[in-house]
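Chemist: Just the structure for this:
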Amino acid sequence: VFAKLVAETRNEIIHKHVTIHLRKTMNETNLTTKIKTEPNIGNRFAAGLVDYIIIYGVTFFLVFTLGEPNDEGGYSLNGLPGLIPIIFWLIMTVGLEIGFGATLGNSLVGLKPIPKNGTNRKLTFGESFKRHLLDPIDMFFFGLVGIITIKNTDLNQRVGDLWAKTIVVPIKSLTELKAE
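Modeler: Here you go, the predicted structure:
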């Protein structure tokens, strides 16, 4: 009798766990399928261009104003001032995404990165950092790597999005989802 009771209890626990897991998985899948991802190549290119024109502009300004002449006829930022462009990059990409939900470029073109499961929330530091740490790969050869990856993934993700498990969606698709 005791063994039968233990077996029934164990089966009930397993059934509840599997049911909860399936419901959770189905809900996440439903969210992802409701949110329509599009390649948005032009908008994504423009967003990256805006963000990196600002980042490179500030970096060049800092190098020429705070930098010291080097042996090759250029300027170098050495020591602590050398960290300023890195910190500025971190603020312009990761900081804006976790603080406001999108970088300046993405906001201007109406795009927002969100987790792959479709939850409409700001990215975490880790998600955003992973996305942008791979920007040099995605932007290699005028963005060719990113364009090819976006066009050949089901959720239109670039390499950084794949690693961070994020997607980029039009902001209007998120507001339409709220209305439903």
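
Chemist: Now for residue 88: which residues touch it?
Modeler: 55, 58, 59, 62 (Cβ atoms under 8 Å, 6 or more residues apart in numbering). Every residue, glycine included, has its C-beta placed from N, CA and C.

Chemist: Nearest spatial neighbour of the third one, chain-adjacent residues omitted?
Modeler: What that stands for is residue 59. Nearest in space to residue 59, with sequence neighbours left out and distances taken as Cβ to Cβ, 6 or more residues apart in numbering, is residue 85 at 4.3 Å.

Chemist: Please, where are all the helices along this protein?
Modeler: 2-34, 41-66, 84-90, 96-100, 104-109, 125-133, 135-138, 140-151, 159-164, 171-179 (DSSP state H).

Chemist: Low-confidence ranges, this protein, go.
Modeler: 1-34, 176-180 (pLDDT under 70).

Chemist: at 90 what do you get?
Modeler: 1-40, 118-119, 139-143, 172-180 (pLDDT under 90).

Chemist: From residue 112, how far off is residue 175?
Modeler: Distance of residue 175 to residue 112, given as Cβ to Cβ, to the nearest Å: 10 Å.

Chemist: Tell me which of these two has more neighbours.
Modeler: Each of residue 175 and residue 112 has its neighbours counted (other Cβ atoms under 10 Å); residue 112 has more, 22 against 10.

Chemist: Give the burial count for residue 125, as a bare number.
Modeler: Using other Cβ under 10 Å: residue 125 sits among 12 other residues.

Chemist: where's the closest residue to it other than its chain neighbours relative to residue 113, distance?
Modeler: Spatial nearest neighbour of residue 125, excluding adjacent residues (Cβ to Cβ, 6+ apart): residue 98 at 5.6 Å. To residue 113, residue 98 is 10 Å away according to Cβ to Cβ.

Chemist: again with residue 156
Modeler: Residue 156 is 12 Å from residue 113, by Cβ to Cβ.

Chemist: Between the two, which contacts overlap?
Modeler: 167, 168.

Chemist: ok, now which ones touch the nearest residue to residue 84 once chain neighbours are set aside?
Modeler: Once flanking residues are discounted, residue 84 sits nearest to residue 62: 5.6 Å by Cβ to Cβ, 6+ apart. By Cβ under 8 Å, 6+ apart, the contact set of residue 62 is 77, 81, 84, 85, 88.

Chemist: so the third one touches residue 77, yeah?
Modeler: Yes: judged on Cβ atoms under 8 Å, residue 84 makes contact with residue 77 at a distance of 7.2 Å.
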